[in-house]
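Asks: when you get a sec, could you give me coordinates for this:
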Amino acid sequence: MTFDYLEENHDEYRFWKEKVVSVAKAVNSDHEAARRLEEELWAYVVERSAVVNPFRDVAQSEGLPRTSMRNLAEYILRLWTVPRKKPKKALS
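Replies: Below is the predicted model:
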């Protein structure tokens, strides 16, 4: 639902794409980037659930239990960033 919303709202999409690229550049690993984005995505869902459908409808009908955004964070990292180069293994 969150990704669909971003795709339908160009300003939100652009904002999140820039944020994802920025976070990915600021940290050394995709795992850390995904962790940070997961927290920010959940805060975004909570904020949007107070003011915008479909978030508001879901929050009203199902409540707002904490939901992991980790899969979404990892997906948009793969989608919107250039893959990191893997370190070369040292030859013995």
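
Asks: using the three-state scheme, assign Pro87.
Replies: coil (DSSP: H, G, I helix; E, B strand; the rest coil).

Asks: count the residues that sit near it.
Replies: 6 (other C-beta atoms under 10 Å). The C-beta positions use only the backbone N, C-alpha and C, and glycine is treated the same way.

Asks: for it, grab phi and psi.
Replies: Per-residue torsions, Pro87: phi -60, psi 140 (degrees, to the nearest 10).

Asks: what's near enough to touch it?
Replies: Contacts of Pro87 were listed using C-beta atoms under 8 Å, 6 or more residues apart in numbering, and none were found.

Asks: return the distance of it relative to Glu62.
Replies: Distance from Pro87 to Glu62, counting by C-beta to C-beta, to the nearest Å: 43 Å.

Asks: any idea how far Val46 is from Leu79?
Replies: Taking C-beta to C-beta, one finds Leu79 at 23 Å from Val46.

Asks: repeat that for Thr67.
Replies: 10 Å.

Asks: could you do Ala59 as well?
Replies: 8 Å.

Asks: who has more neighbours out of these two?
Replies: Between Ala59 and Val46, Ala59 has the larger neighbour count (other C-beta under 10 Å), namely 17 against 14.

Asks: Val23: neighbour count?
Replies: Neighbours of Val23 (other C-beta under 10 Å): 19.

Asks: again, but for the one 10 residues further on
Replies: For Ala33, the number of neighbouring residues by other C-beta under 10 Å comes to 23.

Asks: what do you get for the one 4 residues further on?
Replies: A total of 23 residues lie near Leu37 under the criterion other C-beta under 10 Å.
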